[in-house]
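1. Just a sequence and a predicted model for now, questions to come.
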Number of protein chains: 2
Amino acid sequence: MSEACNSCSAAGSCTTDSCSNEPKLTEAQKASHIDKVIAVMSGKGGVGKSSVTGMLAVSLMRQGYKVGILDADITGPSIPKIFGVTGKAGVSNAGILASKSRGGVKVMSLNLMIETEDDPVILRGPLITQIVNQFYTDVIWGELDYLLIDLPPGTGDVPITVFQSLPIDGVVMVTSPQSLANMVVRKAIKMVRNYKPPIYGLIENMAYVQCPDCTKRIEVFGKPQGQEEADRTSIPYLGELPLDPALAELSDAGKIEDYQSPIFDQIAKRLADEIRKQSEKNLA
Amino acid sequence: MSEACNSCSAAGSCTTDSCSNEPKLTEAQKASHIDKVIAVMSGKGGVGKSSVTGMLAVSLMRQGYKVGILDADITGPSIPKIFGVTGKAGVSNAGILASKSRGGVKVMSLNLMIETEDDPVILRGPLITQIVNQFYTDVIWGELDYLLIDLPPGTGDVPITVFQSLPIDGVVMVTSPQSLANMVVRKAIKMVRNYKPPIYGLIENMAYVQCPDCTKRIEVFGKPQGQEEADRTSIPYLGELPLDPALAELSDAGKIEDYQSPIFDQIAKRLADEIRKQSEKNLA
């Protein structure tokens, strides 16, 4: 019985096949089972959403979960590159086959469907949102504990479609220290609240650079404001991350899965706790 | 006589008022005269497009030019904040009045039209592009030597509209050292070439951080690749900029006009040369 059954006159005398209230599933959806769908968002571009999405996927994999990433940044996709996934996506009768990283993260991105990785995707909103929808409905994700959605910057077509059409369980918000970034991130937070999914927490990325010679902590974007911003917007604060040349280098080499970050592991642990808390709240 | 006159049967016997081939100008357009319209673009978010746009405006102002900035990043606007422009935009019978920074840069942004600066603008593409168009046609820009257009990330609705509908004279491309960023910037370059305006040059932003204690040059996003990237795509290379905490601080305080950067002044000078060369080429 789904939630829709409660208000259905045929409840009890129906079968799943005959139910007219159940959304019609595609073949790809029938071949998939996704436990939690989590959007990674910031509103602001370049705060490291894709890196955080990637690290989160790796961290969840290491904890034994099955993880997929839906790259919803259609015109500026980063996910295949940082995971070193280069082949074209396969297709079967049932739908599009998600590609797999070396470590086993399933990935779908428009960059796995175009001829050359730097070909531009010059499309207007309606076509872009149709692609994002199809990445959910027509991709054979198989069994996943977590599907992470890497959102593009802004509060336009793609986030609107994702929050309206996909069953988002919660959102991870990423910011960087500048007030400017926080202003734009606050726009994103207000947007999410319009659509109701819980925000699991705020991660402050690029909080500082550590000088490799003298170990000085250089706050390149100004004083970190993540904790303050999280308090102001009543969101759990998950922690701060440095701007780390090693991450940039591994991402460029398609080897984000080789990146080791005890700081990020702590953040992922806090996030897992928040997801658990939220699930318990939903069940209560 | 405009270009359209060459193929017009009424050429010579007409007046501007009676011409049916001339586009109809709005009152705001009649009250404005803009010499050069320049788009600042990267495709990739967070490489510092808005900072570069701001610094460019300041640099041109200091050289004695009249400058305006059209903030086309409707869902993630930064320009009013970095210039400390906070009041709402005024309106007259002829159109919307561009706001003015302390130093005299004219600014138009959706953040000058909403109640609270962190209210989200949750709009789909067609409405967003209509706003961008109106910022050109319905804003009284007055006399400007340069109108800079700060584009949002991506190659979607806004860049498409800007290149299709506005009389763009040329484009400044901004990148940052990561291969990942360059891949996305290359998409933007290919897009611009579809629409024909010349690319004046490539600026590599966030090329390094200088340690304030030991002066070490830390390449946080990896080895700069701007010159190489410019050569590969046959675009003039304008130079590299550091990631400077002083700029972040002044931007957050709305005082980008107080920022002094001899490095950027050199870049602006090279850009002015490229614009001049391009104009001479067009006249030849």
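-> Sure thing, it's come through.
2. Which strands and helices lie in contact with the lengthiest helix in chain A?
-> Secondary structure of chain A per DSSP state H: the longest helix is helix A:262-283. Counting contacts by 3 or more C-beta pairs under 8 Å, 6 or more residues apart in numbering or on different chains; DSSP states H and E, helix A:262-283 is packed against helix A:49-62, strand A:170-175, strand A:199-204, strand A:237-240. The way it works is simple: take the backbone N, C-alpha and C, and place the C-beta from them, glycine included.
3. among the ones you listed, which is nearest residue B:97?
-> strand A:170-175 (33.0 Å; C-beta to C-beta).
4. Just want the angle from that closest one to helix A:262-283.
-> 140 degrees (axes from the mean of the first three to the mean of the last three C-alpha atoms, to 10 degrees).
5. Pull up the pairing partners for strand A:170-175, direction included.
-> Sheet pairing of strand A:170-175 (DSSP bridges) gives strand A:33-41 (parallel), strand A:199-204 (parallel).
6. Can you give the contact residues for whichever helix or strand comes after it?
-> Later in the chain than strand A:170-175, the nearest helix or strand by DSSP states H and E is helix A:179-195. Residues outside helix A:179-195 that contact it (C-beta atoms under 8 Å, 6 or more residues apart in numbering or on different chains): A:41-44, A:47, A:155, A:159, A:163-164, A:168, A:171, A:173-175, A:199, A:202, A:221-222, A:225, A:229, A:233, A:235, B:75-78, B:81-82, B:117-122, B:251-252.
7. Residue A:279 and chain B, how far apart?
-> Using C-beta to the nearest C-beta, to the nearest Å, residue A:279 is found at 27 Å from chain B.
8. just checking, which of the contacts of helix A:179-195 belong to strands?
-> A:41, A:171, A:173, A:174, A:175, A:199, A:202 (DSSP state E).
9. As TSV, the residues you listed with pLDDT would be great.
-> Shown next, in TSV, are the ones in strands among the contacts of helix A:179-195 (pLDDT from 0 to 100):
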residue	pLDDT
A:41	97
A:171	98
A:173	98
A:174	97
A:175	97
A:199	98
A:202	98
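10. need the residues you listed in TSV with distance to residue B:189 and neighbour count, can you?
-> Putting the ones in strands among the contacts of helix A:179-195 into TSV (distance: C-beta to C-beta, whole Å; neighbours: other C-beta atoms under 10 Å in any protein chain shown) gives the following:
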residue	distance to residue B:189	neighbour count
A:41	27	30
A:171	33	26
A:173	31	29
A:174	27	30
A:175	29	30
A:199	36	22
A:202	34	25
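11. Most widely separated two among the residues you listed?
-> A:171 and A:175 (12.7 Å).
12. pLDDT score for the closest residue to chain B within the stretch 101-250 of chain A?
-> In the stretch 101-250 of chain A, no residue comes nearer to chain B than residue A:125, which is 2.9 Å away by C-beta to the nearest C-beta. You'll see residue A:125 listed with a pLDDT of 96.
13. who's in contact with it?
-> Residue A:125 neighbours (C-beta under 8 Å, 6+ apart): A:156, A:157, B:124, B:125, B:126, B:156, B:157.
14. count of residues packed around the third one?
-> Right, residue B:124. Residues near residue B:124, counting by other C-beta atoms under 10 Å in any protein chain shown, number 17.
15. And it, how close does it get to residue A:42?
-> According to C-beta to C-beta, to the nearest Å, residue B:124 stands 20 Å off from residue A:42.
16. and if you look at the last one?
-> The gap separating residue B:157 from residue A:42 is 20 Å, by C-beta to C-beta.
17. quick one, which of these two is more surrounded?
-> residue A:42 (30 against 26).
18. Taking chain A, what residue is nearest to chain B?
-> Nearest residue of chain A to chain B, counting by C-beta to the nearest C-beta: residue A:46, 0.9 Å away.
19. what's the burial count for that residue?
-> When neighbours are counted by other C-beta under 10 Å, residue A:46 comes out with 24.
20. Show the model's pLDDT score for it.
-> Per-residue confidence (pLDDT) for residue A:46: 91.
21. cool, residue A:22 as well?
-> 66.
22. hang on, the earlier thing: okay if I get the helices and strands packed on helix A:262-283 as a markdown table plus distance to residue B:283?
-> Listed next are the helices and strands packed on helix A:262-283 as a markdown table, based on distance: least, C-beta to C-beta, whole Å:
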| stretch | distance to residue B:283 |
| --- | --- |
| helix A:49-62 | 44 |
| strand A:170-175 | 48 |
| strand A:199-204 | 51 |
| strand A:237-240 | 54 |
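23. now for these, which one comes closest to residue B:31?
-> Among the helices and strands packed on helix A:262-283, if distance is taken as C-beta to C-beta, the winner is strand A:170-175, at 40.4 Å.
24. Just the residues contacting that closest one, thanks.
-> By C-beta under 8 Å, 6+ apart, strand A:170-175 touches A:36, A:38-42, A:44, A:47-49, A:52, A:56, A:181-182, A:185, A:188-189, A:192, A:197-205, A:226, A:229, A:235, A:238, A:271, A:275, A:278.
25. okay, and for the stretch 1-150 of chain A, where does confidence drop off?
-> Residue ranges of the stretch 1-150 of chain A with pLDDT under 70: A:1-22.
26. what residues does it put near chain B?
-> Counting by C-beta under 8 Å from any C-beta of the partner chain, the stretch 1-150 of chain A comes close to chain B at A:43-48, A:73-78, A:81-82, A:117-126, A:128.
27. Only whichever of those residues are buried, select them in PyMOL.
-> The following PyMOL line selects those of those that are buried, judged by 16 or more other C-beta atoms under 10 Å in any protein chain shown:
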select buried, chain A and resi 43+44+45+46+47+48+73+74+75+76+77+78+81+82+118+120+121+122+123+124+125+128
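28. Now do the spatially closest residue to residue A:278 that is not a sequence neighbour against residue B:60, distance only.
-> Leaving aside its sequence neighbours, residue A:278 sits nearest to residue A:198 (C-beta to C-beta, 6 or more residues apart in numbering or on different chains; 5.2 Å). The gap separating residue A:198 from residue B:60 is 46 Å, by C-beta to C-beta.
29. swap in residue A:140?
-> 53 Å.
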